[in-house]
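Asks: coords below, sequence missing:
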């Protein structure tokens, strides 16, 4: 039996948020939290019952200890945290400002030359390659720098060789690299990917895909041995009111899965909601023997609920998501959980 159901790799950052409805250009107070795409995915999956861990490199100082405490509180293994003891060790920071129509939310990043960029292949225990059911990473880790990119690509190869499923979220960030750079790099790893997460807009702008969304999703599975492709769909009515759903394609069954959108979600904090979708979808795929219907339902529910809570990290456990899914399928919507 393999030790971990899901292992992720990525940068963990310190999030500093202005109080709700306050601006970054004024005020004296920030709310401190931990965040990062791969951490969010691992934390959500742990809440749902999967055995999860994260590989990252942290500064060996009190900020690194704070992040470690956050990881522990999420129920993740801390066995694969690596510490940077050099004088220039640093943790990435990002500053977040909430939006209110017509003003959009905004983010300011301070993440250059952070400790995670020093992560080396030799620092990863080799037994992980054969003791992990699924290895997940996002395009952000490929975009941070050339050295980390090479490490991540080789890790993908090693985990695939060891028998793990490979999950990849494009998670394109224009402030980190160009679409052409992303396309060239990601196409190197797609032959190893089993579960592929990519939005329609990214598929068109980055991979230059044409046609309908189902045609685009199918094209990835024709070009590469990808088993499952998922694309989220969000309608922004205002900064504080969204609707959300997704489309999932099972290549083996040649079947698409979708459901009625979660409509008019009250947005408290949208950051991390895409990662919450991945945690729910991967839970469905890994706990239900590749069941795309379960992946769809848990992914959509996890994302919808994450939008309603503060911070990057998800908070919903299995029981809560099951309740949300049941109510979403039902015509009866209760006003209060009893």
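Replies: Sure thing, it's come through. Everything quoted here is computed from the prediction, not taken from an experiment.

Asks: now do the contacts for the nearest residue to residue 205 once chain neighbours are set aside.
Replies: Once flanking residues are discounted, residue 205 sits nearest to residue 179: 5.8 Å by C-beta to C-beta, 6 or more residues apart in numbering. Quick note: C-beta positions are derived from backbone N, CA and C, even for glycine. For residue 179, the contact set (C-beta atoms under 8 Å, 6 or more residues apart in numbering) comprises 172, 205-206.

Asks: nearest to residue 281 among the residues you listed?
Replies: Residue 281 lies nearest to residue 172 out of the contacts of residue 179, by C-beta to C-beta, at 18.2 Å.

Asks: follow-up on the earlier one: list buried residues within the contacts of residue 179.
Replies: With burial judged by 16 or more other C-beta atoms under 10 Å, the buried subset of the contacts of residue 179 is 172, 206.

Asks: can I get the contacts of residue 179 in TSV with secondary structure?
Replies: Output for the contacts of residue 179, formatted as TSV (DSSP: H, G, I helix; E, B strand; the rest coil):
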residue	secondary structure
172	coil
205	helix
206	coil
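
Asks: just for this protein, where's the confidence low?
Replies: 331-338 (pLDDT under 70).

Asks: helices along that one, start to end?
Replies: Counting by DSSP state H, one finds helices in the chain at the ranges 37-47, 62-73, 139-143, 146-161, 179-189, 200-205, 213-223, 273-287, 292-306, 318-329.

Asks: in the fifth one, what's buried?
Replies: Neighbour-count burial for helix 179-189, with 16+ other C-beta under 10 Å as criterion, is recorded at 182-183, 185-186, 189.

Asks: likewise for the fourth one?
Replies: By neighbour count with 16+ other C-beta under 10 Å, helix 146-161 contains the buried residues 148-149, 151-153, 155-160.

Asks: redo those residues as TSV? Include distance to residue 73.
Replies: Formatted as TSV, the buried residues of helix 146-161 follow (distance: C-beta to C-beta, whole Å):
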residue	distance to residue 73
148	26
149	30
151	27
152	26
153	31
155	26
156	29
157	33
158	30
159	26
160	31
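
Asks: residue 325: which of those residues is nearest?
Replies: residue 159 (30.5 Å).
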